[in-house]
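Trainee: I'll drop the sequence and a predicted model, then ask my questions.
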Amino acid sequence: MKHYKIYKHPSESIEAIKQGWSWPAFFFGFIWAMIKKMWGIGVGVLIGWFALGVIIGISLGDTIADPLINVVGFIVSIIFGINGNLWREKNLTTRGFEQVNTITAANPEGAIALHLKEASATQ
């Protein structure tokens with residue numbers, strides 16, 4: 001079971017954010033950020049990759065540049081994995097969502113269902 005923070009928007013949309021490591025953020029980086037509507041992070045990383053590739057490729061050559069870019073890519077993936085869910089929480093907050101609950105569940109859909117069940121029981 002995993003811990004999820006439940007965020008609700010005034011328009012009634014609900015999001016469940018898992019606490020801790022984010023495997024999707026680790027594996028998909030800037031693509032994941034764009035899908036989750038974190039445009040600044042996604043575009044920033046994409047531009048950074050292109051700039052890094054050009055700068056390192058021109059200054060060091062392919063034999064040194066390729067392994068160096070791979071190491072940097074792995075480090076960026078780790079940073080995304082560690083911080084991805086925290087970034088999502090901050091993004092939701094700036095978009096008008098409020099944290100309304102913390103739930104332990106097997107998956108995000110289950111966490112939302114448990115939250116809705118608890119919310120209907122208290123009314």
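Mentor: Nice, I can see it. Numbering: from 1, shown residues only.

Trainee: Which residues are in contact with the residue nearest the centre of the chain?
Mentor: Centre of the chain computed as the mean C-alpha position; nearest residue by CA atoms, centre = their mean is residue 84, 3.2 Å away. Listed by CB atoms under 8 Å, 6 or more residues apart in numbering, the contact set of residue 84 reads 22, 24-26, 32. The C-beta positions use only the backbone N, C-alpha and C, and glycine is treated the same way.

Trainee: again, 10 Å this time
Mentor: Counting by CB atoms under 10 Å, 6 or more residues apart in numbering, residue 84 touches 17-18, 20-26, 28-29, 32-33, 36, 38, 41.

Trainee: Can you tell me which of the residues you listed are buried?
Mentor: Among the contacts of residue 84, those buried by neighbour count (16 or more other CB atoms under 10 Å) are 17-18, 22, 24-26, 28-29, 32-33, 36, 38, 41.

Trainee: would you turn those into JSON lines with pLDDT, secondary structure and distance to residue 78?
Mentor: As requested, the buried ones among the contacts of residue 84 are arranged in JSON lines below (pLDDT from 0 to 100; DSSP: H, G, I helix; E, B strand; the rest coil; distance: CB to CB, whole Å):
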{"residue": "17", "pLDDT": "98", "secondary structure": "strand", "distance to residue 78": "19"}
{"residue": "18", "pLDDT": "97", "secondary structure": "strand", "distance to residue 78": "17"}
{"residue": "22", "pLDDT": "97", "secondary structure": "coil", "distance to residue 78": "11"}
{"residue": "24", "pLDDT": "97", "secondary structure": "helix", "distance to residue 78": "14"}
{"residue": "25", "pLDDT": "98", "secondary structure": "helix", "distance to residue 78": "10"}
{"residue": "26", "pLDDT": "98", "secondary structure": "helix", "distance to residue 78": "7"}
{"residue": "28", "pLDDT": "97", "secondary structure": "helix", "distance to residue 78": "14"}
{"residue": "29", "pLDDT": "96", "secondary structure": "helix", "distance to residue 78": "11"}
{"residue": "32", "pLDDT": "97", "secondary structure": "helix", "distance to residue 78": "14"}
{"residue": "33", "pLDDT": "97", "secondary structure": "helix", "distance to residue 78": "15"}
{"residue": "36", "pLDDT": "96", "secondary structure": "coil", "distance to residue 78": "18"}
{"residue": "38", "pLDDT": "97", "secondary structure": "coil", "distance to residue 78": "18"}
{"residue": "41", "pLDDT": "96", "secondary structure": "helix", "distance to residue 78": "15"}
